[in-house]
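Chemist: Sharing a model that was predicted from the sequence below.
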Amino acid sequence: MASSEPTQAKASDTRDGFRFRGGHVALDFPATLAARRQATPRELLALPSDLSRWLVAAGLTASALLVTQDDLETAKQLREAIYAVAVARIEGTAPPVGALDALNRIAAGEAAILKLDRDGQMRLLGSARALLTSLAHEAIRLFGAEQADRIRQCESETCALLFLDLSRSGDRRWCSMSGCGNRAKVAEFRRRKRAAPT
């Protein structure tokens, strides 16, 4: 189970078509709306089965769950609430009331049960709705913790991924150095090369 314990993101953190570069499960969830800053974002949670796949890929459950259309709508509300609160934290502004209401409403549900497997892995047991409640709890724990000051959004113009900056200096700019960071550095190198006198 992914927990509030952060992990360093890697460029290869893609599982079952979903990106996990946030370093925290709550920051990974908004990435299910890909190309968020583009004119036509791509919905990765189009079907209830997509949410089930994400819950497995995120490590919140070991196997596929029955997900209803209502669960999917709740998941999208939670995703957008997490994104809005995270962006407000990044910008140093008050979170939108509607986002806080949605986050707190979903967190008020019955949470999944935390179990320890024989192999030493933590797992959440419960319905898709219960897992979403537990995910809302993780988001609230993060937003209410000192680490919330380390929430960042990738500076790439084509990326909107959120991440927890665990760098010593606290000045990480991209969701991934080998992805967005490398592309930005190559673009900057080319720009300087073109601008250099010949």
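Modeler: Looks like it came in fine. The structure displayed is predicted, hence computed values, not measured ones.
Chemist: Excluding chain neighbours, what is closest to the spatially most central residue of the chain?
Modeler: The structure's the chain has its C-alpha centroid closest to D28; by CA atoms, centre = their mean the separation is 1.8 Å. Once flanking residues are discounted, D28 sits nearest to G22: 4.2 Å by CB to CB, 6 or more residues apart in numbering. For glycine as for every other residue, the C-beta is placed from the backbone atoms N, C-alpha and C.
Chemist: Next one, pLDDT for the one you found please.
Modeler: For G22, the model assigns a pLDDT of 92.
Chemist: Now the lengthiest helix in the chain: buried residues?
Modeler: Taking DSSP state H as the criterion, the chain has its longest helix at helix 69-91. Judged by neighbour count (16 or more other CB atoms under 10 Å), helix 69-91 contains these buried residues: 71-72, 74-75, 77-89.
Chemist: try stretch 140-153
Modeler: I140, R141, L142, F143, Q147, R150, I151, R152, Q153.
Chemist: still on that earlier bit, would you mind measuring from the residue nearest to D28 to A57?
Modeler: 13 Å (CB to CB, to the nearest Å).
Chemist: Settle it for me: which of these two has more neighbours?
Modeler: G22 (27 against 17; other CB atoms under 10 Å).
Chemist: Assign the more buried one to one of the three secondary structure states.
Modeler: coil (DSSP: H, G, I helix; E, B strand; the rest coil).
Chemist: tell me the contacts of it?
Modeler: A9, D28, A31, L161, L162, F163, L164, C175 (CB atoms under 8 Å, 6 or more residues apart in numbering).
Chemist: Let me know whether the fifth one touches Y83 as I believe.
Modeler: Yes - if you go by CB atoms under 8 Å, L162 and Y83 touch, sitting 7.2 Å apart.
Chemist: Name the residues contacting each of those two.
Modeler: With CB under 8 Å, 6+ apart as the test, L162 and Y83 both reach P30.
Chemist: for the helix or strand just after the longest helix of the chain, which positions count as buried?
Modeler: As assigned by DSSP states H and E, the chain's next helix or strand after helix 69-91 is helix 97-107. For helix 97-107, burial by neighbour count (16+ other CB under 10 Å) applies to A99, L100, A102, L103, I106, A107.
Chemist: Contacts only, for the third one.
Modeler: By that I understand A102. By CB under 8 Å, 6+ apart, the contact set of A102 is Q77, L78, E80, A81.
Chemist: ok, it to A58 distance?
Modeler: 20 Å.
Chemist: Ok, the last one next?
Modeler: Separation of A107 from A58 (CB to CB) stands at 17 Å.
Chemist: which stretches of the chain form strands?
Modeler: For the chain, the strands defined by DSSP state E occupy 14-15, 18-19, 33-34, 42-43, 113-116, 122-125, 151-153, 162-164.
Chemist: The third one packs against which elements?
Modeler: Taking 3 or more CB pairs under 8 Å, 6 or more residues apart in numbering; DSSP states H and E as contact, the helices and strands that strand 33-34 lies on are strand 42-43, helix 69-91.
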